[in-house]
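# Next one to model:
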Amino acid sequence: MTEVFSGNPSDMRILITGASEALGAGLACDLLDRGQLVRVHGRPGATLDALVERGAEYRPALLDQPEQVVALCDDIDAIAHCTDVAGVPSAADLDHGQVLIEAALQQQVAQFLYVSSARVYERGGEALKEDQVPAKPKGSEAQRRLQLERLVLAAGEFGPQVTVLRPAQVLGLADREWARWLLERAKAKQLARTGNGLNRWDFTSAGNLRQALVTLLLAQPVTANGKVFNLSDGEPLVCWDAINFLLRRFELPPVAEQHAFAPRRLYARLRTPRHDSRWPELLDRPFTLDIRAAQEAFGYRPQASSWSALEDYRPRAPVARSGPV
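Next up, the predicted model:
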């Protein structure tokens with residue numbers, strides 16, 4: 001049986017997957033600032049190079065090669081699996097997660113954290129609790145996320161302390177999909193709302209998500225073992241107010257109620273891939289989470305606000321061109 005790490009927390013060696021993306025890189029920086037031993041995995045490039053310069057260890061490994069993943073997990077005390085927080089996990093991502101879990105068990109890693117997503121709830125709702133996932137999810141995203149969640153929780157039966165986090169829509173640099181989807185539709189004049197536009201959504205600032213991960217990694221509360229937790233910033237926003245705030249930052253007009261017949265919107269719906277079709281419906285529904293379980297289990301207290309996170313979105317500065325105009 002794997003034992004929970006019982007030494008000095010500063011001696012823990014923590015592996016962070018997805019460290020070439022904003023969430024994993026930010027978590028690595030937070031831990032390095034606390035003097036932790038951090039090993040990072042992700043796509044080679046400037047982000048990983050910067051983390052290595054700050055003191056992280058980089059060990060390359062292909063996640064579809066079990067032998068390499070076992071070596072990646074060698075001498076590791078805890079793993080934060082952060083690759084699936086944004087976007088739609090592919091079948092390959094699911095396989096990679098399973099290989100990582102098996103390697104963690106083989107190397108007797110003491111703790112495994114998986115960052116999933118509140119999008120497993122598919123149809124939204126109000127004050128959703130962790131047990132309110134659909135019995136038979138329709139979309140491939142929810143199916144894959146829930147399957148990997150179950151694999152993580154099942155691994156806990158063999159010793160490691162395991163925890164799954166389901167953040168509401170993550171905002172800021174860690175978001176690779178939601179804002180881009182909205183901006184593309186708005187520029188094409190294919191974004192409109194139905195109803196009164198007063199439905200509320202929960203969001204999660206990347207800083208609040210990282211703080212939850214740091215707390216779980218360093219404190220290792222027994223009350224969080226083998227459980228799934230919703231996370232959010234704790235203050236739901238009117239969804240369309242947040243969307244219009246985002247659009248204004250990119251100098252796009254606010255979204256108004258759609259007209260009775262909107263050919264552009266109908267055309268966009270017909271062309272939207274099936275896995276992506278959740279957004280039009282969800283934007284007009286409430287989507288809030290009950291986060292009391294996380295507050296009680298490990299003292300989760302969100303500090304950053306969703307509005308501040310929305311300010312992280314900004315247009316790219318134009319690239320200066322050389323030569324004659």
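# the bottom helix or strand of the chain by mean pLDDT?
Each helix and strand of the chain was given a mean pLDDT (mean pLDDT, DSSP states H and E); the minimum falls on helix 263-271 at a mean of 51.
# which other residues reach the biggest strand by length in the chain?
For the chain, the longest strand by residue count, based on DSSP state E, is strand 161-167. Here strand 161-167 makes contact (Cβ atoms under 8 Å, 6 or more residues apart in numbering) with 4, 85, 110-118, 120, 130, 149, 152-153, 155-156, 204, 209, 212-213, 216, 220, 222, 224-232, 289. C-beta: built from backbone N, CA, C; applies to glycine.
# mind checking how far that strand is from the chain centre?
A distance of 11 Å separates the centroid of the chain from that of strand 161-167, by Cα atoms, centre = their mean, to the nearest Å.
# so what strands line up beside that strand?
Here strand 161-167 has these sheet partners by DSSP bridges: strand 111-115 (parallel), strand 227-231 (parallel).
# Format those as CSV; extra columns: mean pLDDT and distance to residue 28.
Output for those, formatted as CSV (pLDDT from 0 to 100; distance: least, Cβ to Cβ, whole Å):
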stretch, mean pLDDT, distance to residue 28
strand 111-115, 98, 14
strand 227-231, 98, 19
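# Go through those strands and name the closest to residue 91.
Closest approach to residue 91 among the strands paired with strand 161-167 (Cβ to Cβ): strand 111-115, 17.2 Å.
# Paired strands for the following helix or strand past the closest one, with orientation please.
As assigned by DSSP states H and E, the chain's next helix or strand after strand 111-115 is strand 125-128. Paired strands of strand 125-128, with direction, are strand 287-289 (parallel) (DSSP bridges).
# Going C-terminal from the partner strand, what's the next secondary structure element?
Past strand 287-289, the next helix or strand by DSSP H and E is helix 292-298.
# Quick one: name whatever helix or strand follows that next one.
helix 306-310.
# Give me the contact list for that following helix.
Residues outside helix 306-310 that contact it (Cβ under 8 Å, 6+ apart) are 171-172, 203-207, 233, 235, 237, 242, 245-246, 249.
# at 6 Å what do you get?
171, 172, 203, 205, 233, 237, 245, 246 (Cβ atoms under 6 Å, 6 or more residues apart in numbering).
# Show me which positions of it end up buried.
306, 307, 309, 310 (16 or more other Cβ atoms under 10 Å).
# show me where this protein has strands.
With DSSP E as the criterion, the chain has strands at 13-17, 37-41, 57-58, 78-81, 111-115, 125-128, 161-167, 169-171, 200-201, 203-205, 227-231, 237-238, 287-289.
# Please work out the average pLDDT along the second one.
Strand 37-41 shows an average pLDDT of 98 in the prediction.
# Which strands or helices does it pack on?
On a contact count with 3 or more Cβ pairs under 6 Å, 6 or more residues apart in numbering; DSSP states H and E, strand 37-41 meets strand 13-17, helix 22-33.
# thinking in terms of the whole chain, how far from its middle is that strand?
19 Å.
# Direction included, what does that strand pair against?
strand 13-17 (parallel), strand 57-58 (parallel).
# Please identify the most buried of those strands.
Comparing the strands paired with strand 37-41 by mean neighbour count (mean count of other Cβ atoms under 10 Å), strand 13-17 comes out on top with a mean of 25.
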